[in-house]
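Participant: Pasting a predicted model and its sequence here:
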Amino acid sequence: MGMSLNSGGHLTHGAKPTFSGKYFNVIQYEVNPETFLIDYDKLQEQALEFKPRMIIAGASAYPRIIDFKRFRQIVDKVNEELKNNVSKESEEFEQKKCYLVVDMAHIAGLVATKLHPSPFPFADVVTSTTHKTLRGTRGGIILTNSEKLIQKINKAVFPGIQGGPLEHLIAAKAVCFGEALKPEFKDYQEQVIKNAKVLADTLINNGFNLVTGGTDNHLVLLDLRNSAITGLELEQRLHSVGITTNKNAIPFDTEKKTITSGVRLGVPALTTRGMKEEQMKNIADLITDVAFHYEDSKDYVKAKVKSLCESFPLDRV
């Protein structure tokens, strides 16, 4: 079971075009249609009905805290029902047992600084990229406290899918993890959350609808269904003035995946450059101009974006 793409899940959580959707029988869970928050009760109903081998927690476009403890409780209930039918010590139980896998790729930096609840000790396996909020090189990590599982994972990685290690990425990851241990890394993550909240609040004040009405983490998801613009159109307009975003499906989106009714905004890169609350307000105003007054404001916004980037240059990061 994995969160559907429309509800904020990742492609690899069972979306039909990907390997996970093609090779496995995937049941996808949705957010609540009114609150757009994860519907844990409905998720539990589905899990008890279908008894999956794996439940994936984590998201690609979900701006709220994820309750990993609740996920663990759901997985445990599935396994309790299984134990009623087969012996816990039997081979059949091991073949049917449900595992909790957490994909914390987007929130790893927040987890590392305890600004988002940790998936441990609740998850059987945790996966993550080492960029995004962890702010390291492009790459990935797989974590588990199970000796049995790590042996299987190691064999799957090598010789299963990998021929040789990339030492330069291993070294870069070590630097990334070293930075995450420093006190200033927590200061950075705290500023990420502050920036995201100010960006969200300003966009709301400017007339935008936001999925879930705000954010608890590093990202903001615009809901453009009541606007005269699609996600694709806003993405392209913003790109033309120097603001990089991506169109994104929103819960129960009626637009095609190539069009979408949403745009996803993230603040970690801006925060790394040294931008704070004042700049988030300015950026929200610029996005508003592009969305609602594009032809009249595009040249002005482009100049403002250039000036803002020059004030926070990459060479001082």
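Facilitator: Perfect, I can see it now.

Participant: For residue 281, report the pLDDT, please.
Facilitator: According to the prediction, residue 281 has pLDDT 98.

Participant: tell me which element it falls in.
Facilitator: helix 277-292 (DSSP states H and E).

Participant: Just give me the longest helix of this structure.
Facilitator: The longest helix of the chain (DSSP state H) is helix 183-205.

Participant: which neighbours does the helix or strand following it have in its sheet, and in what orientation?
Facilitator: Next along the chain after helix 183-205, taking DSSP H and E as the criterion, comes strand 209-210. Here strand 209-210 has these sheet partners by DSSP bridges: strand 219-223 (antiparallel).

Participant: Tell me where the stretch 1-150 of the chain has strands.
Facilitator: Using DSSP state E, counting those that start in this stretch, the strands found in the stretch 1-150 of the chain span residues 2-3, 28-29, 54-57, 99-103, 125-129, 140-143.

Participant: Most tightly packed of the ones you listed?
Facilitator: Comparing the strands of the stretch 1-150 of the chain by mean neighbour count (mean count of other Cβ atoms under 10 Å), strand 2-3 ranks first with a mean of 28. Quick note: C-beta positions are derived from backbone N, CA and C, even for glycine.

Participant: Need the mean per-residue confidence for that one.
Facilitator: Regarding strand 2-3, the rounded mean pLDDT is 96.

Participant: what do you get for stretch 308-317?
Facilitator: Stretch 308-317 shows a mean pLDDT of 86.

Participant: I'd like the distance from it to the chain centre, please.
Facilitator: Put simply, stretch 308-317 sits 26 Å off its chain's centre (Cα atoms, centre = their mean, to the nearest Å).

Participant: Now it - C-alpha only, PDB.
Facilitator: In PDB, the C-alpha atoms belonging to stretch 308-317 read as follows (Å, rounded to 0.1, in the frame of the first residue of the first chain):
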ATOM      1  CA  LEU A 308      17.000  39.300  -5.300                       C
ATOM      2  CA  CYS A 309      19.400  36.600  -6.500                       C
ATOM      3  CA  GLU A 310      22.200  39.100  -6.800                       C
ATOM      4  CA  SER A 311      21.600  40.100  -3.200                       C
ATOM      5  CA  PHE A 312      21.900  36.500  -2.000                       C
ATOM      6  CA  PRO A 313      24.600  35.000  -4.400                       C
ATOM      7  CA  LEU A 314      25.400  31.400  -4.500                       C
ATOM      8  CA  ASP A 315      29.100  32.000  -4.000                       C
ATOM      9  CA  ARG A 316      28.500  32.900  -0.400                       C
ATOM     10  CA  VAL A 317      26.600  29.700   0.400                       C
END
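
Participant: Contacts made by it with the rest, please.
Facilitator: With Cβ atoms under 8 Å, 6 or more residues apart in numbering as the test, stretch 308-317 has contacts from 242, 270, 272, 273, 274, 275, 279, 282, 283.

Participant: how does it look with 7 Å?
Facilitator: By Cβ atoms under 7 Å, 6 or more residues apart in numbering, the list of residues contacting stretch 308-317 from outside reads 272, 273, 274, 275, 279, 282.

Participant: same question, stretch 143-158
Facilitator: With contact meaning Cβ under 7 Å, 6+ apart, stretch 143-158 is reached by 124, 125, 126, 142.

Participant: swap in stretch 193-212?
Facilitator: Contacts for stretch 193-212 (Cβ under 7 Å, 6+ apart): 35-37, 63-64, 115, 214-215, 217-223, 226, 250-251, 262, 265, 267, 270-271, 275-277, 280-281, 283-285, 287-288.

Participant: Buried subset of the residues you listed, written for ChimeraX?
Facilitator: Paste this into ChimeraX to select the buried members of those, with burial taken from 16 or more other Cβ atoms under 10 Å:
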select :36,37,63,64,115,215,217,218,219,220,221,222,223,250,251,262,265,267,270,271,275,280,281,283,284,285,287,288
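
Participant: So which residues of the protein form helices?
Facilitator: Counting by DSSP H, the chain has helices at residues 19-23, 40-50, 68-83, 91-96, 108-112, 147-155, 167-180, 183-205, 231-240, 268-272, 277-292, 294-311.

Participant: averaging pLDDT over each of those helices, which comes out lowest?
Facilitator: In terms of mean pLDDT, the lowest-scoring of the helices of the chain is helix 91-96 (a mean of 82).

Participant: and the most centrally placed residue in the chain, what does it touch?
Facilitator: The residue lying closest to the centre of the chain (Cα atoms, centre = their mean) is residue 60, at 2.9 Å. Counting by Cβ under 7 Å, 6+ apart, residue 60 makes contact with 8, 9, 10, 106.

Participant: Next one: the first one, what pLDDT does it get?
Facilitator: If I follow you right, that is residue 8. Taking residue 8 on its own, its pLDDT is 94.
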